[in-house]
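Engineer: Sequence plus the predicted model coming up.
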Amino acid sequence: MIIKCVIACSNASGEPDLYFVKVRCKESQYEEGDHYRKAENQAIEDGYEEPFVSFDENDSAGRALCKLCEWSSIPTYRCPQQKVEESQLTEVMQ
């Protein structure tokens, strides 16, 4: 699934700004909030600064903010694959 995210933050000049990003993630990652972490990490990589207030297209405020963007020009980033703990592997293999 691809989720549109909007982050209220500061740009590199310290001015209030909005950062728009699309995140590809699994439903389980979405439910855990991993899409927010990926969006925020990408904002940092692109020169934006904390503090962050993050929204996605399914939040009421996020829906309104998403209307401010032309999404066809926004890149999509993938959530990292979930790490499997060694104890989980042992349980699966038994």
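Structural biologist: Alright, I've got the coordinates. Numbering: from 1, shown residues only.

Engineer: rest of the way, CA atoms for contacts and neighbours
Structural biologist: Noted.

Engineer: so the most centrally placed residue in the chain is in which element?
Structural biologist: Nearest to the centroid of the C-alpha atoms of the chain, with distances taken as Cα atoms, centre = their mean, sits Ala39, at 2.8 Å. When secondary structure is defined by DSSP states H and E, Ala39 falls within helix 34-45.

Engineer: OK, contacts around the residue nearest to the centre of the chain?
Structural biologist: Ala39 makes contact with Cys5, Ile7, Val21, Lys22, Val23 under the criterion Cα atoms under 8 Å, 6 or more residues apart in numbering.

Engineer: what about the third one, which helix or strand?
Structural biologist: Under the assignment given by DSSP H and E, the secondary-structure element containing Val21 is strand 16-24.

Engineer: Also the first one?
Structural biologist: With the criterion set as DSSP H and E, the secondary-structure element containing Cys5 is strand 2-10.

Engineer: which residues are in contact with that strand?
Structural biologist: With contacts defined as Cα under 8 Å, 6+ apart, strand 2-10 is touched by 16-25, 35-36, 39-40, 48-57, 62, 65-66, 76.

Engineer: can you list the weak-confidence ranges in this structure?
Structural biologist: Counting by pLDDT under 70, the chain contains low-confidence residues at 82-94.

Engineer: rewinding a little: could the C-alpha coordinates of the strand holding Cys5 be exported in PDB?
Structural biologist: Listed in PDB are the C-alpha atoms of strand 2-10, where the atom choice follows Å, rounded to 0.1, in the frame of the first residue of the first chain:
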ATOM      1  CA  ILE A   2       1.100   3.600  -0.700                       C
ATOM      2  CA  ILE A   3       0.300   6.200   2.000                       C
ATOM      3  CA  LYS A   4       0.500   9.900   1.500                       C
ATOM      4  CA  CYS A   5       2.100  11.700   4.400                       C
ATOM      5  CA  VAL A   6       2.400  15.300   5.400                       C
ATOM      6  CA  ILE A   7       4.900  16.500   8.000                       C
ATOM      7  CA  ALA A   8       4.700  19.900   9.700                       C
ATOM      8  CA  CYS A   9       8.300  20.900  10.400                       C
ATOM      9  CA  SER A  10      11.000  23.500   9.700                       C
END
